[in-house]
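Visitor: Structure for the following, please:
(3 chains)
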Amino acid sequence: MDFHTFLIQLLNGVQYGLLLFLVSSGLTLVFGIMGIINVAHGSFYMIGAYLAWSLVGGLGSFWIALPAGIAITLVLGLLLEVLLIRKLYDRDHLYQVLLTYGLILIFEELRSLLWGDDVRGVPIPEVLSASIPLTETQSYPVYRLWISAVCLVVAGLMVWVIQKTRLGMIIRAGSANREMVQSLGIDVRLVYRLVFAAGITLAALAGMIASPVSAVFPGMGNQVLIVCFVVIVIGGMGSVKGAMLASLLIGLVDTFGKVLHLEVAGVKLLPELSSMTVYLLMAIVLLWRPEGVFGRRP
Amino acid sequence: MSATRITVAAVLATLAALALLPLFGEKFTVQIFTKIMIMAILAMSLDLLLGYTGLVSFGHAAFYGAAGYALALLTPQYQAASFWTSLPLAVAASAALALVIGFFVVRTRGIYFIMVTLAFAQMLFFLFFDTKIAGGSDGIYIDVRPVARIGGWQVFNLENFVHVYYLALAFLALTYWLLRTILNSPFGRVLAGIRVNEHRMLSLGYPTFSYKLACFVIAGAVAGVAGYLSAVQYGVVNPEMLGWHLSAALMMMVILGGMGTLVGPALGAAIWMLLELGLQGLPESGGVNLGKHWQLFMGGFVVLATLLLPHGLAGLAQVLRGRGHKRD
Amino acid sequence: MSSAVLRTQGLTRRFGGLVAVRDVSLECRTGEVHAVIGPNGAGKTTLINLLSGDLRPSSGRVVLGERDVTGFPPQRLSRLGVGRSYQRTNVFLPFTALENCRIAAQSRLKSSMRFFRPAPTLREVNAAAERALAAVGLQDRAGIAVEALSHGEQRQVEIAMALATRPAVLLLDEPLAGMGAEESARIVALLKELVSKHAILLVEHDMDAVFAVADILTVMVNGEVLESGTPDNIRSSRAVQEAYLGVAQQSGHA
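Guide: Alright, predicted model coming up:
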């Protein structure tokens, strides 16, 4: 593999990893802070993508569609939390899984009714449609770099909010000891509402910015959810640091797995079995640290 | 205890009624009930894991699908496999798969266990979906059903849907008996202890990992029986048999019926399958084909059931009988 | 004097910057009740957790008989003859008192991987369970779910479960906590009976019981051993009185 191909794959891997981080950080934060596992999290990635398609088509501008989509998802998240999610606090993880699975079914069918089952595409915004030339024949799309940049900015914002603001302090305290925070007069429920809405909005945002480069198709939510699970198992539930590490690792392993050629004893492993590399990684981590690299030791 | 006697009586009555069904029902009904009985076997196997041991497996369909695929791969093209060899081999395949996956997943707890069981099942799904090992996304057809001969005598004919029905019924009864026996055994008591207080079991000297793994394998093997039967019934296997929609539906069946009761999940399976059937048959209304979007209603049902019936129907029955939800 | 069944050498356990147990060396012998006393936070429960395998030591050794068992997990230590009762009742609440003891006794089978006979037909296991319950005086409450028992009775089940595993060494973490006078007296009498065949390590706050039954006392303060010796020596030790009873006076509890 020559240097430029390697560079392209590296950038792709990092971009995929950062996008994964954006999605999975929402999931891990909601669990770490609220103790709720939301398997419909992937559906919001899908909703974000379809929203992007609708809004870009309807409003004519990607740059208007993006904040509009974010606003819509925030409201959706708040509504969901008030109506359903808050009934899940203190309940068994099993019930959380089942109820949010029911939501997946509902969202899938609503999507089918509202947007149909066809694969859609979202055009890359003009401003970012250029490509940086690397060689005579190869170039790298600016948009993909922009995706990575957005993810990094959001990650930085996240860390800043959690570590440096009062809200972040409340969030951290609330995840450690909910009753104590409540007894201090702080409305933990409002904090939870915001955290949940923010969490799913992260997933939707990821779907929105990813839509120009990946197809917008019905199964995209479920697909990304499974990978998110792998991210969290490897990184540790509730750990943003772990989610970043695991996402990048998975992004790189998955990307390179698809382009490398590996044959062992006549059996073609890569790229034929590239979709399994990520699970193999997970299996290794399970043998070494079942609670994840940065997970809390039970 | 009268509760147990009522349960046994109800189970026997149900089995008797099921035995009589083919005499009165038409083909469609018989086939539906074959499917229901197969799902009941599958749901009971998950109850062993989920209800009795507290292991929330979100990837149980993997062991169901594995056995189905095993039969498909063991069946030569245009010929029949032998029932006597293909069944044990298919079940063994599921058990072996459960042993391998279990080795990795049983070392996790709580939410991690849920996620890794799903992840490994998905891995298997993609293995069959993406590759050409077994027909990819289209699956494989089983052209000729397995034959069950002893010498020159054909014991039963699996091309006949009534024979398939009775085979499923026989396995339903066998599975119920087997699981009940296991649950009452010393092994079963260890599982119960693990569910209630695994830490204490460890400090009492039990290597709980081994017992959980053994439970995982047994549940996988029983799921394999269901998968084999399903492949026999339909003559085709596809990756959806390994899919997480089925795994989630199974969890729902167990919860709906009432986990940790064996009969509950079997009942839950029946209700779920009938509900699915009913919703899929919904007519068009307002220009929308409701039946096509049955999952919308299913999803709504799941949400409501989870909120309103935390202990499933079995729990509801106990409450109606005047007792709280107690076990053992 | 019989040789030590359970010995620790320089046992230390850190939690980040906090040293909960520092350099503790003690011995438990068959025929002796070795009581560990000290104010709250002295590290007594951490010590028992280290001995039962619930915690791994940061440094130091634990020796059982001739064997170095440092870092062994609880299930291994239990099978080697270390039995433990917990300070916070750690039983199977939905099960009956008898079933609690039965599952404890069943652990002594070579293997519980037996699938086809009903558990209640294991006669010897049942007998062992019944004996354990009777030893703590709960035989009349055998069929009652533990969650329906009084707190004191639950503590009795806690001890019975440890007994049902026929241990060589008994680690008892505040067995008398929450018990009334009558129940406490019964347990003290039980300990006096058991000691001839067991090595008993007892963490307790009830000083009357401790002085009634202990052969050796070890006083722990701030994770370290302050002093170790016979009850008389400890009772008359100035250092112990200052450190332990002085602290106890501050907290208003003896």
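
Visitor: my read: residue B:256 touches residue B:305, true?
Guide: Yes. Between residue B:256 and residue B:305 there is a contact at 5.8 Å, judged by Cβ atoms under 8 Å. For every residue, glycine as well, the C-beta is placed using N, CA and C.

Visitor: And these two? Which one has more around it.
Guide: Per other Cβ atoms under 10 Å in any protein chain shown, whichever of residue B:256 and residue B:305 has more neighbours is residue B:256, with 26 against 20.

Visitor: Relative to chain C, how far out is the more buried one?
Guide: Distance, residue B:256 to chain C, using Cβ to the nearest Cβ, to the nearest Å: 22 Å.

Visitor: Tell me how many other residues surround the residue nearest to that residue when sequence neighbours are not counted.
Guide: In this structure, residue B:256 finds its nearest non-sequential neighbour in residue B:268, 4.0 Å apart by Cβ to Cβ, 6 or more residues apart in numbering or on different chains. By other Cβ under 10 Å, 31 other residues sit near residue B:268.

Visitor: Tabulate the CA atom coordinates of the helix or strand containing residue B:268 in PDB.
Guide: Per DSSP states H and E, residue B:268 falls inside helix B:263-280. Output in PDB follows, covering the C-alpha atoms of helix B:263-280 (Å, rounded to 0.1, in the frame of the first residue of the first chain):
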ATOM      1  CA  VAL B 263     -45.300 -22.000  31.400                       C
ATOM      2  CA  GLY B 264     -45.500 -18.200  31.300                       C
ATOM      3  CA  PRO B 265     -43.000 -17.800  28.500                       C
ATOM      4  CA  ALA B 266     -44.600 -20.600  26.500                       C
ATOM      5  CA  LEU B 267     -47.900 -18.800  26.900                       C
ATOM      6  CA  GLY B 268     -46.200 -15.500  26.000                       C
ATOM      7  CA  ALA B 269     -44.900 -17.200  22.800                       C
ATOM      8  CA  ALA B 270     -48.400 -18.100  21.800                       C
ATOM      9  CA  ILE B 271     -49.800 -14.700  22.500                       C
ATOM     10  CA  TRP B 272     -46.900 -13.000  20.700                       C
ATOM     11  CA  MET B 273     -47.200 -15.200  17.600                       C
ATOM     12  CA  LEU B 274     -51.000 -14.700  17.500                       C
ATOM     13  CA  LEU B 275     -50.700 -11.000  18.000                       C
ATOM     14  CA  GLU B 276     -48.100 -10.800  15.200                       C
ATOM     15  CA  LEU B 277     -50.400 -12.800  12.900                       C
ATOM     16  CA  GLY B 278     -53.400 -10.700  13.800                       C
ATOM     17  CA  LEU B 279     -51.500  -7.400  13.200                       C
ATOM     18  CA  GLN B 280     -50.100  -8.600  10.000                       C
END
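
Visitor: Look up phi and psi at residue 238.
Guide: Because you didn't say which chain, this covers chain A. Main-chain torsions, residue A:238, degrees, to the nearest 10: phi 90, psi 0.

Visitor: and it, what does it touch?
Guide: Residues counted as contacts of residue A:238 (Cβ atoms under 8 Å, 6 or more residues apart in numbering or on different chains) are A:28, A:29, A:31, A:32, A:33, A:175, A:295, A:296.

Visitor: quick one: contacts for residue 62?
Guide: All of this is about chain A. Under the contact definition (Cβ under 8 Å, 6+ apart), the residues listed for residue A:62 are A:52, A:56, A:122, A:123, A:125, A:212.

Visitor: right idea, wrong chain: chain C
Guide: Applying Cβ under 8 Å, 6+ apart, the residues near residue C:62 are C:6, C:7, C:8, C:11, C:50, C:51, C:68, C:69, C:70, C:72.

Visitor: who in the stretch 1-150 of chain B is up against chain A?
Guide: Residues of the stretch 1-150 of chain B lying near chain A by Cβ under 8 Å from any Cβ of the partner chain: B:50, B:56, B:58, B:104-105, B:107-112, B:114-116, B:118-120, B:122-123, B:126-127, B:130-131.

Visitor: Got the confidence number for residue C:243?
Guide: At residue C:243, the pLDDT value in this model is 75.

Visitor: about what we covered before: columns distance to chain C, pLDDT and secondary structure on top of the contacts of residue A:238, output as CSV?
Guide: Below are the contacts of residue A:238 laid out as CSV (distance: Cβ to the nearest Cβ, whole Å; pLDDT from 0 to 100; DSSP: H, G, I helix; E, B strand; the rest coil):
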residue, distance to chain C, pLDDT, secondary structure
A:28, 24, 89, helix
A:29, 25, 88, helix
A:31, 24, 87, helix
A:32, 20, 83, helix
A:33, 23, 83, helix
A:175, 19, 65, helix
A:295, 17, 78, coil
A:296, 14, 70, coil
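
Visitor: Got a quick ChimeraX command for the buried subset of those?
Guide: Provided next is the ChimeraX selection string for whichever of these are buried by 16 or more other Cβ atoms under 10 Å in any protein chain shown:
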select /A:28,29,31,32,33,175,295
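
Visitor: just curious, which of the contacts of residue A:238 is nearest to chain B?
Guide: residue A:31 (7.0 Å; Cβ to the nearest Cβ).

Visitor: From residue A:196, how far out is the closest one?
Guide: Separation of residue A:31 from residue A:196 (Cβ to Cβ, to the nearest Å): 11 Å.

Visitor: cool, and residue B:146?
Guide: Per Cβ to Cβ, residue B:146 is found 51 Å from residue A:196.

Visitor: Beyond the one helix or strand residue C:60 maps to, next helix or strand please.
Guide: Assigned by DSSP H and E, residue C:60 belongs to strand C:59-64. Next helix or strand after strand C:59-64 toward the C-terminus (DSSP H and E): strand C:67-68.

Visitor: what's downstream of that following strand, the next helix or strand?
Guide: helix C:74-79.

Visitor: Out of the contacts of residue A:238, which are close to chain B?
Guide: Contacts with chain B are made by A:31, A:295 out of the contacts of residue A:238, judged by Cβ under 8 Å from any Cβ.

Visitor: Checking the residue of the stretch 51-200 of chain C found nearest chain A next. Helix, strand or coil?
Guide: Nearest residue of the stretch 51-200 of chain C to chain A, counting by Cβ to the nearest Cβ: residue C:56, 11.2 Å away. Recorded secondary structure, residue C:56: coil (DSSP: H, G, I helix; E, B strand; the rest coil).
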